[in-house]
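[1] Generate a structure from the sequence data that follows.
(one chain, ligands or ions: 4)
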Amino acid sequence: MTKVIRNGTIVTADRTWKADVLIQHGKIVAIGENLHADHEFDATGCYVMPGGIDPHTHLEMPFMGTYSADDFESGTRAALSGGTTMVVDFCLPSPGQSLLEALQMWDNKTSKACSDYSFHMAITWWGEQVFNEMAQVVDKGITSFKHFMAYKGALMVDDDEMYSSFKRCAELGALPLVHAENGDVVAQLSAKLLAEGNNGPEAHAYSRPPEVEGEATNRAIMIADMVGSPLYVVHTSCEQAHEAIRRARQKGMRVYGEPLIQHLVLDETEYFNKDWDHAARRVMSPPFRNKLHQDSLWAGLQAGSLQVVATDHCSFTTAQKRTGVGNFTKIPNGTGGLEDRMPVLWTKGVNTGRLTMNEFVAVTSTNIAKILNMYPKKGAIVEGADADIIVWDPKRKKTIAAKTQQSVIDYNVFEGIELTGLPRFVFTRGELAIQEHEVKVHPGHGEFVAREPHAAVNRALSQWKEITAPRKVERTGIPATGV
Ligand code: DUC
Ligand code: ZN
Ligand code: ZN
Ligand code: ZN
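    Ligands and ions are numbered 1, 2, ... in the order given. Model prediction:
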């Protein structure tokens, strides 16, 4: 059975043109004029774009004494409803656990995934076993490794572990990722705030100022440079981190930065809301920042110094958030956004002139497909690509409301935002998943996407070389020690 998307305007990261798209066996098989098929979908007045890819989700993740509320079924259904046709989730071994065993546990969660998915593997501890298993993880098509520089006593790795792991990534052609916040400083600031009686959600933001993110981003970049590795910095939220990334890129390093849609649109004043629930629902790390930081992130997307917009979707219900009443460090960190990322970015970015349509495709899909080595299978409208396609109606309107969302939580941090620009149709590997507000996809449709290691490493660009054969100086007349 063939399908054709007719009368639309195709928008990719580098071109805009009018053509029809023919789909067969889940792939794009032809692009041209006046194509016909068994099933025809009208895209008159719409843009036909590669499906979104969200490279940063935490679905059904054990975290801070609970599990994030959206699982692979509700999370990927939400993603598809907003035009995201693939997610990359994080597999988190507990410290001491085998990476392969953790991967099996994460794989077991995916049987009802509606969209395609892949994984990043987190390095939460270090030892010979981890060193060896990293190669096996790469062989399974997982070629990116995440390092938490925060969450002391839980997920955090120290510089010793990070240096060892980055070195191993460089050997394997894998991409290291960092959650860049100085976890030692955060722990001290948190303890001080609590001791002084600051226990509300606003103290969460005070405990994680932009400086702790800037410091950690600089440190991770320097360590990546020392081992000759590219680096991907997740949830870049502030100018200090962006500045470090800009500087590294200017020197020729392959360092990538990923703002979240939340940080682009919501600011720190949310934490000063008098309603405890309102503020706690917005507790995530890094926290929301002020307008100056937001402007820096938008400028980075425009200039290309930041490449990807993600969500860090890690949703918790109000009841889960309330475990932190009286102690902000116990509020589960995380917000949702999978369904909202693309329409909010279109409304606040394209409709305002901050981003072109082609830049929108680049930062929601194509750039990350290239960074994670799955282009042009994903992130492209070309013959042979997976038919992950959105037919985007720039005139369709909706007001964001928790009561109509796909996510299982009882609120939405974007509640009340009026959207102009939403999907008319969403296809996942050629199957119609969404028709406006109607969900058609079946749970279990999603497949794992394996990725190849990277050929590109920074080695040739790095200023620093590990000394492999240090020249020893033979000295005479060594002074005697002691008196
Ligand atoms: N930040 C969050 O807010 N939640 C999940 C993990 C993270 O780093
Ligand atoms: Zn993080
Ligand atoms: Zn995250
Ligand atoms: Zn299917």
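[2] Only C-alpha atoms from now on, for both contacts and neighbour counts.
    Will do.
[3] Which positions in the stretch 151-300 of the chain make contact with ligand 1?
    Selection of the stretch 151-300 of the chain residues close to ligand 1 by CA under 6 Å from any ligand atom yields 284-285.
[4] Just the residues contacting the helix or strand hosting residue 192, thanks.
    Residue 192 belongs to helix 183-195 when assigned by DSSP states H and E. Helix 183-195 is contacted from outside by 149-152, 156, 199, 203-204, 206-208, 212, 327, 329, using CA atoms under 8 Å, 6 or more residues apart in numbering.
[5] Most neighbours of all the residues you listed, which one?
    residue 204 (29 neighbours; other CA atoms under 10 Å).
[6] Count the neighbours of residue 416 for me.
    For residue 416, the count of nearby residues is 12 (other CA under 10 Å).
[7] distance of the residue nearest to it when sequence neighbours are not counted from ligand 1?
    Once flanking residues are discounted, residue 416 sits nearest to residue 400: 5.2 Å by CA to CA, 6 or more residues apart in numbering. Separation of residue 400 from ligand 1 (CA to the nearest ligand atom, to the nearest Å): 21 Å.
[8] ok, residue 400 - contacts?
    Residue 400 touches 412, 414-419, counting by CA under 8 Å, 6+ apart.
[9] ok, the residues you listed vs ligand 1, which is closest?
    residue 412 (14.8 Å; CA to the nearest ligand atom).
[10] so that closest one, which of the three states?
    coil (DSSP: H, G, I helix; E, B strand; the rest coil).
[11] Next one, pLDDT for the residue nearest to it when sequence neighbours are not counted please.
    Nearest non-adjacent residue to residue 412, counting by CA to CA, 6+ apart: residue 402, 5.1 Å away. pLDDT recorded at residue 402 is 98.
[12] cool, the one 5 residues further on as well?
    Among the per-residue scores, residue 407 holds a pLDDT of 98.
[13] Any idea how many residues pack against it?
    Residues lying near residue 407 (other CA under 10 Å) number 25.
[14] wait, what's in contact with it?
    Counting by CA under 8 Å, 6+ apart, residue 407 has contacts 70, 74-75, 78, 336, 339.
[15] Out of those residues, list just those in helices.
    Counted as lying in helices by DSSP state H, out of these, are 74-75, 78.
[16] Go through those and give me the one with the most neighbours.
    Counting by other CA under 10 Å, top hit in the ones in helices among the contacts of residue 407: residue 75 with 30 neighbours.
[17] now that one: how far from ligand 1?
    Residue 75 is 15 Å from ligand 1, by CA to the nearest ligand atom.
[18] try residue 385
    32 Å.
[19] Surely that residue touches residue 376?
    Yes: between residue 385 and residue 376 there is a contact under CA atoms under 8 Å: 5.9 Å.
[20] With neighbour numbers in mind, choose between these two.
    For residue 385 versus residue 376, neighbours defined as other CA under 10 Å are more numerous around residue 385 (20 against 16).
[21] check contacts around the nearest residue to the more buried one once chain neighbours are set aside.
    What sits nearest to residue 385 in space, not counting adjacent residues and going by CA to CA, 6+ apart, is residue 377, at 4.5 Å. Contact analysis of residue 377 by CA under 8 Å, 6+ apart lists 384-386.
[22] where in the stretch 151-300 of the chain is pLDDT low?
    Counting by pLDDT under 70, not a single residue of the stretch 151-300 of the chain qualifies.
[23] And the residue in the stretch 1-150 of the chain that ligand 1 sits nearest to, its phi and psi?
    Nearest residue of the stretch 1-150 of the chain to ligand 1: residue 58, at 6.8 Å (CA to the nearest ligand atom). Backbone geometry at residue 58, expressed as degrees, to the nearest 10, gives phi -130, psi 90.
[24] now the angle from the longest helix that the chain contains to helix 183-195?
    The residue-count maximum for a helix in the chain (DSSP H) belongs to helix 210-227. With axes from the mean of the first three to the mean of the last three CA atoms, to 10 degrees as the basis, helix 210-227 and helix 183-195 are set at 160 degrees to each other.
[25] Please tell me how far the residue nearest to residue 385 sits from ligand 1.
    Note on residue 377: its distance to ligand 1, by CA to the nearest ligand atom, is 28 Å.
[26] Tell me the secondary structure at residue 178.
    Put simply, residue 178 is strand when judged by three-state DSSP.
[27] just to revisit the earlier point, okay, buried residues for the longest helix of the chain please.
    For helix 210-227, the neighbour count (16 or more other CA atoms under 10 Å) marks 210-227 as buried.
[28] Spell out the residue ranges of the strands in the stretch 1-150 of the chain.
    Secondary structure of the stretch 1-150 of the chain (DSSP state E, counting those that start in this stretch): strands at 2-6, 9-11, 16-18, 20-24, 27-32, 39-42, 47-50, 52-57, 62-63, 66-67, 84-91, 116-122, 144-148.
[29] Make CSV out of the ones you listed and add mean neighbour count.
    What follows is the strands of the stretch 1-150 of the chain, written out as CSV (neighbours: other CA atoms under 10 Å):
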stretch, mean neighbour count
strand 2-6, 22
strand 9-11, 22
strand 16-18, 14
strand 20-24, 24
strand 27-32, 18
strand 39-42, 15
strand 47-50, 29
strand 52-57, 27
strand 62-63, 14
strand 66-67, 16
strand 84-91, 27
strand 116-122, 23
strand 144-148, 24
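[30] Adding mean pLDDT, write the ones you listed out as TSV.
    TSV is the format used below for those (pLDDT from 0 to 100):
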stretch	mean pLDDT
strand 2-6	98
strand 9-11	98
strand 16-18	98
strand 20-24	98
strand 27-32	98
strand 39-42	98
strand 47-50	98
strand 52-57	98
strand 62-63	94
strand 66-67	97
strand 84-91	98
strand 116-122	98
strand 144-148	98
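[31] want to try a markdown table for those, with distance to residue 293 as columns?
    As requested, the strands of the stretch 1-150 of the chain are exported to a markdown table (distance: least, CA to CA, whole Å):
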| stretch | distance to residue 293 |
| --- | --- |
| strand 2-6 | 40 |
| strand 9-11 | 29 |
| strand 16-18 | 31 |
| strand 20-24 | 40 |
| strand 27-32 | 40 |
| strand 39-42 | 41 |
| strand 47-50 | 29 |
| strand 52-57 | 21 |
| strand 62-63 | 28 |
| strand 66-67 | 30 |
| strand 84-91 | 26 |
| strand 116-122 | 27 |
| strand 144-148 | 22 |
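[32] what's the closest of these to residue 312?
    Closest approach to residue 312 among the strands of the stretch 1-150 of the chain is made by strand 52-57 (4.8 Å; CA to CA).
[33] Show me how far that closest one is from its chain's centre.
    Here strand 52-57 is found 5 Å from its chain centre; the criterion is CA atoms, centre = their mean, to the nearest Å.
[34] what residues does that strand touch?
    By CA under 8 Å, 6+ apart, the surrounding residues in contact with strand 52-57 are 83-90, 234, 309-314, 338, 342, 361, 364-365, 368-369, 379.
[35] switch to 7 Å and redo it
    By CA atoms under 7 Å, 6 or more residues apart in numbering, the surrounding residues in contact with strand 52-57 are 83-90, 310-314, 364-365.
[36] ok, and which of these reach ligand 1?
    Applying CA under 6 Å from any ligand atom to the contacts of strand 52-57, those adjacent to ligand 1 are residue 314.
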